[in-house]
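Asker: give me the fold of what follows.
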Amino acid sequence: MGPPLTGLVVGDPPHVWAAAGFTVVDDAVRIGAVTVRCDPAAVDGGARAGGGILGWAFADLAEAVDLADVADPPAALDGLALLDVVPVDDTTPHPNGVIRIDHVVVATPDQDRTEAALAAVGFDLRRTRPTTYGEQRFYRAGEVIIEVIGPATPDPAHVDRPARFFGLAMTTADLDGAAVLLGDALGRAKDAVQPGRRIATLRHEAIGSSVPVAFMTP
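Answerer: Below is the predicted model of the structure:
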């Protein structure tokens, strides 16, 4: 297991996450052990234009970095920015029933390169799953899973590109209740890849969000 994920920064206004059924406190959302901070100003006129997930934060990362000077951790993991995220302690239940982040999805053009970057800060590859587009590799970051998707063999035309954040899957204790709350903003629930679970995709663009999000049953 690698360092626990404690924070994410997204390029969305806070009211967008409130519209998705989350309780927002001080421009942030506490989801299980993770604080998601909304920072639309971070993308204005900068290289992060377009929003989405802008970066992440981990507990005790410096102690895990495989460098001579552990007090100077890297600024990014294979292009995935490491940012400071001030935690929010408020644990008010979310109207959409979300109780934790199930997994963070990362897309990479080079699975081995991204795996090496994660391994350098203490992450162990837990499982590999072949898919129609390549493969998925899974890592554990505290209560959250990091799911890395990409080709099984790198494409030379894209191999120089950094990894990028793709989206989030949330665990909700009441998927049917979330469907009632969100109405047309939530797609139809269907069987998930994981046996016994169901999943529904948030129509994030319809509510003004830049982050692809899915809701899953426990």
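
Asker: just after the worst-scoring helix or strand of the chain on mean pLDDT, pick out the following helix or strand.
Answerer: Confidence across the helices and strands of the chain bottoms out at helix 61-64, with a mean of 62, counting by mean pLDDT, DSSP states H and E. For helix 61-64, the succeeding helix or strand toward the C-terminus, using DSSP states H and E, is strand 76-77.

Asker: pairing partners for that next one, with directions?
Answerer: Within its sheet, strand 76-77 is paired with strand 80-81 (antiparallel), according to DSSP bridges.

Asker: and the residue nearest in space to the middle of the chain, helix, strand or coil?
Answerer: Against the mean C-alpha coordinate of the chain, by Cα atoms, centre = their mean, the closest residue is Val104 at 3.0 Å. Per DSSP: H, G, I helix; E, B strand; the rest coil, the secondary structure class of Val104 is strand.

Asker: what's across from the closest residue to it other than its chain neighbours in the sheet?
Answerer: Excluding its sequence neighbours, the residue lying closest to Val104 (Cβ to Cβ, 6 or more residues apart in numbering) is Ile146, at 5.5 Å. All C-beta atoms are positioned from the backbone trio N, CA, C, and that covers glycine. The partner list for Ile146 in beta bridges (DSSP bridges) reads Val104, Tyr139.

Asker: if we can go back for a sec, surely the residue nearest to the centre of the chain is in contact with Ala163?
Answerer: No. With contact defined as Cβ atoms under 8 Å, Val104 and Ala163 do not form a contacting pair (11.6 Å).

Asker: which neighbours do the two share?
Answerer: Contact criterion Cβ atoms under 8 Å, 6 or more residues apart in numbering; no residue bridges Val104 and Ala163 by contacting each.

Asker: ok, the residue nearest to Val211 when sequence neighbours are not counted - contacts?
Answerer: Computed as Cβ to Cβ, 6+ apart, the closest residue to Val211 that is not its neighbour in sequence is Val10, at 5.3 Å. When the contact criterion is Cβ under 8 Å, 6+ apart, the partners of Val10 are Trp17, Val36, Arg37, Cys38, Asp39, Gly51, Gly52, Ile53, Leu54, Ser210, Val211.

Asker: element containing Pro93?
Answerer: Using DSSP H and E, Pro93 sits within no helix or strand.

Asker: meant to ask about Ala116, not that
Answerer: Here Ala116 is assigned to helix 111-119, by DSSP H and E.
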